[in-house]
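S.K.: what's the 3D shape of this:
(one chain, ligands or ions: 1)
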Amino acid sequence: MKKLLLVVLALVLTMSVATGAMAAKVGVAMPTQDLQRWNQDGENMKAQLEAAGYEVILTYSNNEVARQVSDIENMILNECDVLVVASIDGSALGTVLSQAKEEGIPIIAYDRLLTDTDAVDYYATFDNYQVGVIQGTYLIDRFDLENTEETFTMEMFGGSPDDNNAYYFFGGAWDLLKPYVDSGKLVVKSGQTEFETIAILGWGTDDAQARMDNLLTAYYSDGIAPDIVLSPNDSLALGITNSLIAAGFTLDEFPVITGQDCDVANTKNIIAGYQAMSVFKDTRTLASQVVEMVSAILEGNEVPVNDTETYDNGVKVVPSFLCDPVFADISNYQELLIDSGYYTIEQLS
Ligand code: BGC
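M.R.: Down below sits the predicted model:
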């Protein structure tokens, strides 16, 4: 009996030492908890990495670059074996990323590209240009711009200029919409079509609301709202919607507003009719893709990528895996968001 106990004990010890040796540590740096999507991304990453047997250090940096730098420094000090970084400002992490590189720690840029650095090894994201294409195509179809003789008014918003993605979202939509602006079918009353002019630093809902307030006062004081507001994502769409409601516009006077992320508040607005559409980027899909990349790196296998041309970060073309963004509106949200288990009905009611 005593002998058996000893054998069992020895076995358990060997197993735990073995697991201990295997449990690699992954640092996951997320930008902020302010936006719903990053909380989901962080939770999904942690859950899936832990399920794969890894130890996880997960941080959110309150949209403060200095804090994200120190969060990543701590990950290096804590001997993380791989870093996964969703940056606040993609170009501001060069020094700390070089430190990680010197320690031999591989780095995956998560959702947002890390720019101006040779320390980043891989990039996993949704096809950001395609996000804009989905929004632009929706507007063209919705207003039948190809065939109509009518003209429509439009205002445009851009994402944060320190986020590389913002340029792709804008590019995807603008490449499609610009010909209609040039031909006069779409009229931008403010004349503001340059990315630099329409961009909202930090992706803030309140800042988008303030810009929409200004546009309404300056160009729509006749009480007729624009027909279209191109918004790159949901946090801005929310501010735009809030501004229009505060200005007294009712549902039947509302513009067609685009978005991205299918945040809860925005999905509710889609159901209520305030927002026309959003682009769904299933954060579970991105997380599992990144977990596959992490595992491949740690096991010395070939890392799965499907794009080796698009994402030049200023120093190198970063091998990327692009997931597919999906169109979402009132007609398919049930299937996309509820039936798939992304949200419960209660969350959306
Ligand atoms: C992400 C979007 C998000 C935006 C604001 C972008 O980098 O790709 O999904 O809405 O940041 O957080």
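
S.K.: list the contacts for the residue nearest the centre of the chain?
M.R.: Most central in the chain under C-alpha atoms, centre = their mean is D111, positioned 5.8 Å from the mean C-alpha point. D111 sits next to 41, 86, 124-126, 165, 286 when contact means C-beta atoms under 8 Å, 6 or more residues apart in numbering. Just so you know, the C-beta spots here come from the backbone N, C-alpha and C atoms, and that holds for glycine as well.

S.K.: then S190?
M.R.: S190 touches 155, 215, 218-219, counting by C-beta under 8 Å, 6+ apart.

S.K.: surely it is in a helix?
M.R.: No. Looking at S190 with DSSP: H, G, I helix; E, B strand; the rest coil, it is coil, so not inside a helix.

S.K.: where along the stretch 51-200 of the chain do the helices fall?
M.R.: Along the stretch 51-200 of the chain, the stretches classed as helices by DSSP state H, counting those that start in this stretch are 65-77, 94-102, 128-142, 164-182, 195-198.

S.K.: so the longest one versus helix 128-142, what angle?
M.R.: Going by axes from the mean of the first three to the mean of the last three C-alpha atoms, to 10 degrees, helix 164-182 is angled at 30 degrees with respect to helix 128-142.

S.K.: so which elements touch helix 164-182?
M.R.: Helices and strands touching helix 164-182, by 3 or more C-beta pairs under 8 Å, 6 or more residues apart in numbering; DSSP states H and E, are helix 128-142, strand 152-156, strand 186-187, helix 195-198.

S.K.: show me what the spatially closest residue to A29 that is not a sequence neighbour bridges to in the sheet.
M.R.: Spatial nearest neighbour of A29, chain neighbours left out: V85 (4.7 Å); criterion: C-beta to C-beta, 6 or more residues apart in numbering. Beta-bridge partners of V85, counted by DSSP bridges, are A29, A109.

S.K.: is it true that V85 touches G94?
M.R.: No. Counting by C-beta atoms under 8 Å, G94 is not a contact partner of V85; they are 12.0 Å apart.

S.K.: neighbour count for these two, which is higher?
M.R.: Set V85 next to G94 and count neighbours by other C-beta atoms under 10 Å: V85 wins out with 28 against 17.

S.K.: ok, the more buried one - contacts?
M.R.: Counting by C-beta under 8 Å, 6+ apart, V85 makes contact with 29, 72, 93, 97, 107-110, 114.

S.K.: let me know the pLDDT of it.
M.R.: Looking at V85, its pLDDT reads 98.

S.K.: distance of the residue of the stretch 51-200 of the chain found nearest the ligand from T153?
M.R.: In the stretch 51-200 of the chain, the residue that lies nearest the ligand is N165 (4.0 Å; C-beta to the nearest ligand atom). From N165 across to T153, the span is 27 Å (C-beta to C-beta, to the nearest Å).

S.K.: of the contacts of S190, list those near the ligand.
M.R.: Checked against the ligand using C-beta under 6 Å from any ligand atom, the contacts of S190 give no members in range.

S.K.: most neighbours among those residues, which one?
M.R.: Using other C-beta under 10 Å as the neighbour test, those are led by E155, with 25 neighbours.

S.K.: now do it against A296, distance only.
M.R.: Taking C-beta to C-beta, one finds E155 at 44 Å from A296.

S.K.: follow-up on the earlier one: need the contacts of D111 in TSV (columns: neighbour count).
M.R.: Putting the contacts of D111 into TSV (neighbours: other C-beta atoms under 10 Å) gives the following:
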residue	neighbour count
D41	25
A86	28
A124	26
T125	27
F126	25
N165	22
L286	23
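
S.K.: ok, those vs G132, which is closest?
M.R.: Nearest to G132 among these is N165, at 9.8 Å by C-beta to C-beta.
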